[in-house]
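Asks: sequence first, then the predicted structure:
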Amino acid sequence: MTPVTLVHVSDPHFGRDCDLAMVDAVERIVPTLDASAVVVSGDLTQRARHGEFQAARRFLEQLSKSAPVLTLPGNHDVQWFESPFWILGRKRLYVKYRRWFGEELTPTLVIPGAIIATMLTSYGVCFPSMTPNLNDMAVKGHLPPGEVERVARLFADAPADLARVVVVHHNVLRGNISRRMGLSRWRTAQERLLQLAPDLILYGHDHEEAAAQLGDRVAVSAAGTLTHRMRGGKPSVFNVVRIDDRTVTIQHWRWQGGAFAPSDRFVFARAARGPGVARGVTAVA
Ligand SMILES: [Fe+2]
């Protein structure tokens, strides 16, 4: 396969908390990374305001001069207050996002070496995203089966030699510091993601970086935030992820002394694939 380099940024939160020094630094570094694609995994804005979306769009346009950019709405980008519990329908939730980023909420990017599919988990205040904790309203997401079926079809139709990459906004692993999951019914969501047998899952939302595995076989990249609101007051982190035939390497770039610098690096084996190896159905109970 063609090796792939993904720059994974998340949660810039244009608006009150965005740190423009970090934004500027990302804009300066990305052109030096020989990226195949840049993924910004949601929460572009703080309060889904037009001005915030405009600033986010300028940021993504800048990044797109280096490589194709893929993004999707996070919970902060959804106008949940326009239609709580979807009483006025779901379309109202995404009016501003669509105005500035186009109709497609779940774009797919195919590049040499990889197919990168986004999956929508941000649906505002609604019963499927609810948990017993009322503080979770408008914060948690959920992963509908229809999203999984849609991406399963995309992956089934893609050439076998492409790495399969999934992007969601909400964290699918428990945050080390927050101890919280991003999705309601998270065990089911994890099983559905494993059924897709991706090589890599990217997410943000929890404002803490991670390089880990889901189900002992799927590499997971979590990027922090381009604000000073990292969990536990830790320095912000974005990731550079390299996929080759055998491995997925996640390199953290950590904010130190007013600049992002390469930091911890994690290498994961890719799950065995090839003729006779069933993808995504054998390992899920
Ligand atoms: Fe979020």
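Replies: That came in fine, so what should we check first?
Asks: for the helix or strand where residue 60 lies, C-alpha coordinates in CSV please.
Replies: Of the helices and strands defined by DSSP states H and E, residue 60 is found in helix 50-63. Taking Å, rounded to 0.1, in the frame of the first residue of the first chain, the C-alpha atoms of helix 50-63 are listed here in CSV:
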residue,chain,number,x,y,z
HIS,A,50,-21.6,32.3,12.5
GLY,A,51,-18.4,34.2,13.3
GLU,A,52,-16.9,31.1,14.9
PHE,A,53,-17.8,29.0,11.9
GLN,A,54,-16.2,31.7,9.6
ALA,A,55,-13.0,31.6,11.6
ALA,A,56,-13.0,27.8,11.5
ARG,A,57,-13.5,27.8,7.8
ARG,A,58,-10.6,30.2,7.2
PHE,A,59,-8.4,27.8,9.4
LEU,A,60,-9.4,24.8,7.3
GLU,A,61,-8.9,26.6,4.1
GLN,A,62,-5.4,27.5,5.2
LEU,A,63,-4.7,23.8,6.1
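Asks: give the other helices and strands that that helix contacts.
Replies: Using 3 or more Cβ pairs under 8 Å, 6 or more residues apart in numbering; DSSP states H and E, the elements in contact with helix 50-63 are helix 20-29, strand 37-40, strand 69-71, helix 95-101. Every C-beta, even on glycine, is put in place using the N, C-alpha and C of the backbone.
Asks: so which of those is the most surrounded?
Replies: With neighbours defined as mean count of other Cβ atoms under 10 Å, the helices and strands packed on helix 50-63 peak in mean count at strand 37-40, which reaches a mean of 26.
Asks: what about that one, average pLDDT?
Replies: For strand 37-40, mean pLDDT is 98.
Asks: thinking again about what came up before, report the buried residues of the helix holding residue 60.
Replies: Across helix 50-63, burial judged by 16 or more other Cβ atoms under 10 Å covers 52, 53, 55, 56, 57, 59, 60, 62, 63.
Asks: got phi/psi on the closest residue to the ion within the stretch 101-250 of the chain?
Replies: Across the stretch 101-250 of the chain, no residue is closer to the ion than residue 205, which sits at 3.8 Å (Cβ to the ion). When read as degrees, to the nearest 10, the backbone of residue 205 gives phi 70, psi -50.
Asks: interface residues of the protein facing the ion?
Replies: 43, 74, 75, 205 (Cβ under 5 Å from the ion).
Asks: so which of the residues you listed is surrounded by the most neighbours?
Replies: The member of those surrounded by the most neighbours (other Cβ atoms under 10 Å) is residue 205, with 31 neighbours in all.
Asks: isn't that residue right next to residue 13, touching?
Replies: No - if you go by Cβ atoms under 8 Å, residue 205 and residue 13 don't touch, sitting 11.0 Å apart.
Asks: anything in contact with each of the two?
Replies: Contact criterion Cβ atoms under 8 Å, 6 or more residues apart in numbering; residues shared by residue 205 and residue 13: residue 43.
Asks: the buried residues of helix 50-63: which two are farthest apart?
Replies: Taking Cβ to Cβ as the measure, the buried residues of helix 50-63 span a maximum distance of 16.8 Å, between 52 and 63.
Asks: host element of the closest residue to residue 215 other than its chain neighbours?
Replies: Excluding its sequence neighbours, the residue lying closest to residue 215 (Cβ to Cβ, 6 or more residues apart in numbering) is residue 194, at 4.8 Å. Under the criterion of DSSP H and E, residue 194 resides in helix 186-195.
Asks: that helix - contacts with which helices or strands?
Replies: helix 145-157, strand 210-214.
Asks: out of these, flag the one nearest residue 190.
Replies: Checking the helices and strands packed on helix 186-195 against residue 190 by Cβ to Cβ gives strand 210-214 as the closest, at 6.2 Å.
Asks: paired strands for the very next helix or strand once past that closest one, with orientation please.
Replies: Downstream of strand 210-214, the next assigned helix or strand under DSSP H and E is strand 218-222. If you go by DSSP bridges, strand 218-222 pairs up with strand 200-203 (parallel), strand 210-214 (antiparallel).
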